[in-house]
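> Next come a sequence and a model predicted from it.
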Amino acid sequence: MRNNFYVYEHWRPDRDECFYVGKGTGRRAYQLYKRNKHHKAIQAKLGRLGLCVEIKIVQFNLTEEEAFALEMQRISFWKDAGADLANIAIGGGGNAGYVASEKSEQDFEAYCAPFATR
């Protein structure tokens, strides 16, 4: 098994709190353009305040199974602490391996354009 996965958190510097937990490989934690509506709204608000999302790597060198487990643990931790997470799911699944069609990508980008920060 390859240990190339990690778990990350996106933080709001205006509130000093976590608002998203994810798992990924490569530069996934830093890709802010393919996110859900709630995440994009937070990005837009931070942009209006002259701030950006802070990215914190929780742990790296994980197998995918370890990353899924830690992601679920962190989501549960933050929800129990009262954080308003942008996560849609409870973690542990996500859309690993999903490849969107070019049309789906274009539709999604058009939908998210009003939320994009500059």
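Received, thanks.

> correct me, but Arg74 touches Tyr20?
No. Judged on C-beta atoms under 8 Å, Arg74 makes no contact with Tyr20 at a distance of 10.1 Å. Bear in mind the C-beta positions are built from the backbone N, C-alpha and C, glycine included.

> Can you pull the residues that touch both of these two?
Between them, Arg74 and Tyr20 share these contacting residues under C-beta atoms under 8 Å, 6 or more residues apart in numbering: Glu9.

> quick one: Asp84 and Cys18 touch, right?
No. Asp84 is beyond contact range of Cys18, at 9.8 Å (criterion: C-beta under 8 Å).

> which of the two has more neighbours?
Neighbour comparison, Asp84 and Cys18: the larger count goes to Cys18, with 22 against 13 (by other C-beta atoms under 10 Å).

> Would you mind listing the buried residues in the biggest helix by length in the chain?
Using DSSP state H, we find that the single longest helix of the chain is helix 64-80. For helix 64-80, burial by neighbour count (16 or more other C-beta atoms under 10 Å) applies to 64, 66-72, 74-75, 78.
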